[in-house]
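J.: quick one, fold the following:
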Amino acid sequence: MPMPPPPSSSLYSPGRLLPAAATAHVVGRWARVSCSLSMNGCAPGAGDRGAVCVREARALPAAPAPQDAVTQLRAAVDALSPPAAPSGIIRIEVPVRQRVDAVEWLHAQSALPRCFFSARAPLPDAPALAGGCNGSNGNGSISDQWKQPVSVAGVGSAVFFRGTEPFSLADWRAIKRFLSRDCQLIRAYGAIRFDATSDASVEWEDYGSFYFIVPQVEFNEFEESSVLATTIAWDDSLSWTWHNAVNDLQSLLQKISPCSVAVNKSSLHTTIMSLNHVPTKASWDLAVTKALQIIKGRQRELVKVVLARCSRYITDTFIDPVELLACLKVEGQNAYQFCIQPSDAPAFVGNSPEQLFHRKYLNISSEALAGTRARGKTTADDFQIGQDLLLSTKEDIEFTIVRDSIKKKLEMICDEVVVHPSKALRKLPRVQHLSAQLAARIRNEDDEFEILNTLHPSPAVCGLPTEEARQFIQDYEIFDRGMYAGPVGWFGGAESEFAVGIRSALLGKGHSTLVYAGAGIVQGTNPSFEWDELDLKASQFAKLLQYQEQHIRYQEAENMGTVIRIEK
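T.: Coordinates of the predicted model:
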């Protein structure tokens, strides 16, 4: 039988992990300013209307500093003339002759919604297809020489895409009608729920089943320079005219700070007042034992299921999502850092090491990531731990399930699939995993939706078979994953990239932070070892929240969570 929900007297009620009374808050030196919602590009029938009439990118002369770029953009928007076209999207950008940290630019801004996405450093020994390389257009030749941003930060929404039903082909087409291969930095950033068939709890309501924005004002950080850009989008058929869009953008540009604000990247200077795990250790053991009974007994076809934990931290001060993001970025060279925050909603922040897929023209890359161990304190210790991971029978079973499933899914859509290496160690600052990289080629760019729809959810975050694992999760997890373990990233005209939204947290409006972690359950799993793995995966957040074990005492209460309180 599924585990019963916790009683109403517990520290949370089902679907209400955030405080019942969320107060208005002041962040840093000023209150957050919610911008106009602009237009929802996923209105009924939008995906059937074809591309918007105008898709254009304009470059202004380079500026010496961001302050000058803001002035240029304000003047350029004021000088715009109304086009005859009933729909369109125009990006106006100003190169900046210096590299400015996109996180520090975002830290200076007060507007919502906002987004951030940082590209992962290229992995060594990425597999190549016989007909081309990862940077080709699918015919073996390099056709684009523009550089990828290191990080992108954005505020406001020129157009947003949000729905309450599962993300569909029509929704994908509604997004793509605003994108173009000729305007490659016009992108839609956002995330998709792990399981859109389940009801969203209150803390995730503002995200819907999916949430994407094309930012109104965007800061691109490159290796040696920067770009400040603004985007205007309109569509008369969606009741958002050119004049609506221009007026809204002019208002936002007046609120844009021309300067960056330095961020403390080593500590958040907070104290944990309490920590509540859902489920408790006892309930976790029961769920894992039940999963193992099904896997061993072959009562169903279940081979693997991934169970997760939600840990609710209450701190003495509000945690700025951008400050948390900056701290995560310090140890995230081999990971994707992201932040998504709709207006008047919690912020979804993460540091994911796992790629769901990357598409460039017809070329696709993906990866399998499973099995976890801590890093060693010495070089010799680290080597031995890595060898133990490579030789572990249990971890090999889990990893092989993930790798072979992703390969089979790609083979359903792609003409060619290459796996290399078939099994290797991926070493991150705190943990190490088993990994494999995959490369493939789709038949046409419209297959991108099928790639997304087929690869998510992968066995790394759900299980195998998918539906059996998903049903077990619905029966035995007593919290809403929301966007945790779902796709998070961006769609572009010629290129798209998505990470798996793991190693992530949801920062509430008060002093509440929800930290998520998961572990794969296969034959041979030990429930206590997997609980320890959850702690390991959440350790980057625990460290930043200045969790000090010697100052806590434990209180256990079944169905109320593991409560940890700081002793003064």
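J.: and the longest helix for the chain?
T.: helix 393-413 (DSSP state H).
J.: which other helices and strands does that helix contact?
T.: strand 363-374, strand 414-419, strand 431-442, helix 448-455 (3 or more C-beta pairs under 8 Å, 6 or more residues apart in numbering; DSSP states H and E). The way it works is simple: take the backbone N, C-alpha and C, and place the C-beta from them, glycine included.
J.: can you list the strands that the third one pairs with?
T.: Right, the one you point to is strand 431-442. Applying DSSP bridges to the sheet, strand 431-442 is found paired with strand 363-374 (antiparallel), strand 414-419 (antiparallel), strand 424-427 (antiparallel).
J.: what mean pLDDT does that strand get?
T.: In this model, strand 431-442 carries a mean pLDDT of 96.
J.: angle of that strand against helix 448-455?
T.: Angle of strand 431-442 versus helix 448-455, following axes from the mean of the first three to the mean of the last three C-alpha atoms, to 10 degrees, is 140 degrees.
J.: now the residue nearest to Pro429 when sequence neighbours are not counted: how far from Leu534?
T.: Excluding the flanking residues, the one nearest Pro429 by C-beta to C-beta, 6 or more residues apart in numbering is Glu331, at 4.2 Å. Distance, Glu331 to Leu534, using C-beta to C-beta, to the nearest Å: 19 Å.
J.: these two: who's more crowded?
T.: Leu534 (22 against 16; other C-beta atoms under 10 Å).
J.: what strand or helix carries that one?
T.: helix 527-537 (DSSP states H and E).
J.: what residue ranges in the stretch 151-300 of the chain are flagged as low confidence?
T.: 298-299 (pLDDT under 70).
J.: so what's Asp78 up against?
T.: Asp78 makes contacts with Gln250, as judged by C-beta atoms under 8 Å, 6 or more residues apart in numbering.
J.: renumber starting at 58 from here on
T.: All right, first residue 58 from here; so that's Asp135.
J.: Asp252 is nearest to which of the helices and strands packed on helix 450-470?
T.: Minimum separation from Asp252 across those (C-beta to C-beta) falls at helix 505-512, 13.6 Å.
J.: and the next helix or strand past the closest one?
T.: Next along the chain from helix 505-512, counting by DSSP H and E, comes strand 520-521.
J.: direction included, what does that following strand pair up with?
T.: strand 361-372 (antiparallel).
J.: pLDDT (mean, whole number) over the strand it pairs with?
T.: Mean predicted confidence for strand 361-372 is 96.
J.: what of stretch 398-409?
T.: 96.
J.: check for me that Gln447 belongs to a helix.
T.: Quick fix: residue 447 reads Leu, not Gln. Yes - secondary structure of Leu447 (DSSP: H, G, I helix; E, B strand; the rest coil): part of a helix.
J.: leaving out sequence neighbours, find the closest residue to it.
T.: Leu482 (6.7 Å).
J.: what's the pLDDT at that neighbour?
T.: Looking at Leu482, its pLDDT is 96.
J.: was I right to think it contacts Gln489?
T.: Yes - the criterion here is C-beta atoms under 8 Å, and Leu482 meets it with Gln489 at 5.5 Å.
J.: how about Ser255: what's its closest non-neighbour residue?
T.: Gln531 (6.0 Å).
J.: so which strand or helix has the one you found?
T.: helix 523-533.
J.: how far away is Arg156 from Ser283?
T.: Counting by C-beta to C-beta, the gap from Arg156 to Ser283 is 6 Å.
J.: residues touching the most centrally placed residue in the chain, list them.
T.: Centroid-nearest residue in the chain: Val545, 3.4 Å away (criterion: C-alpha atoms, centre = their mean). Contact analysis of Val545 by C-beta under 8 Å, 6+ apart lists 247-249, 393, 395, 397, 405, 407, 409, 555-558.
J.: try Ala286
T.: 130, 148-151, 242, 274-277.
J.: please flag which of those sit within helices.
T.: Leu130.
J.: how about Ser317: what's its closest non-neighbour residue?
T.: Spatial nearest neighbour of Ser317, chain neighbours left out: Glu161 (3.9 Å); criterion: C-beta to C-beta, 6+ apart.
J.: for that neighbour, list the residues it contacts.
T.: Glu161 touches 317-320, 383, counting by C-beta under 8 Å, 6+ apart.
J.: Gln531: neighbour count?
T.: Neighbours around Gln531, by other C-beta under 10 Å: 12.
J.: ah, wrong one, I meant Leu482
T.: Leu482 is flanked by 18 other residues according to other C-beta under 10 Å.
J.: contact partners for it?
T.: Leu482 neighbours (C-beta under 8 Å, 6+ apart): 443, 446-447, 489-492.
J.: and if we set it to 7 Å?
T.: Counting by C-beta atoms under 7 Å, 6 or more residues apart in numbering, Leu482 touches 443, 446-447, 489, 491.
J.: from Pro516, how far off is it?
T.: Where Pro516 is concerned, Leu482 sits at a distance of 19 Å (C-beta to C-beta).
J.: what does Pro101 give?
T.: Taking C-beta to C-beta, one finds Pro101 at 34 Å from Pro516.
J.: who has more neighbours out of those two?
T.: Summary of the neighbour comparison: Pro101 and Pro516, criterion other C-beta under 10 Å, with Pro516 having more neighbours (28 against 9).
J.: just want the phi and psi numbers for that one.
T.: For Pro516, the backbone dihedrals are phi -60, psi -20 (criterion: degrees, to the nearest 10).
J.: does it really touch Ile458, like I thought?
T.: Yes - assessed by C-beta atoms under 7 Å, Pro516 is found in contact with Ile458 at 5.2 Å.
J.: can you list residues touching both of those two?
T.: Lys361.
J.: please verify my assumption that Glu380 contacts Val320.
T.: Yes - Glu380 is within contact range of Val320, at 5.7 Å (criterion: C-beta under 7 Å).
J.: same drill for those two, tell me which one is more crowded.
T.: Shown here are Glu380 and Val320; by other C-beta under 10 Å, Glu380 has more neighbours (23 against 20).
J.: strands along the stretch 58-207 of the chain, start to end?
T.: 83-84, 87-88, 90-91, 111-116, 144-153, 168-169, 171-175 (DSSP state E, counting those that start in this stretch).
J.: of the ones you listed, which stretch is the most buried?
T.: strand 171-175 (a mean of 27; mean count of other C-beta atoms under 10 Å).
J.: adjacent strands (with direction) for the following helix or strand past that strand?
T.: Under the assignment DSSP H and E, the closest C-terminal helix or strand after strand 171-175 is strand 208-212. Within its sheet, strand 208-212 is paired with strand 171-175 (antiparallel), strand 274-278 (antiparallel), according to DSSP bridges.
J.: could you dump the ones you listed to JSON lines with distance to Leu332?
T.: As requested, the strands paired with strand 208-212 are exported to JSON lines (distance: least, C-beta to C-beta, whole Å):
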{"stretch": "strand 171-175", "distance to Leu332": "26"}
{"stretch": "strand 274-278", "distance to Leu332": "34"}
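J.: tell me which of those strands lies nearest to Leu602.
T.: strand 171-175 (20.0 Å).
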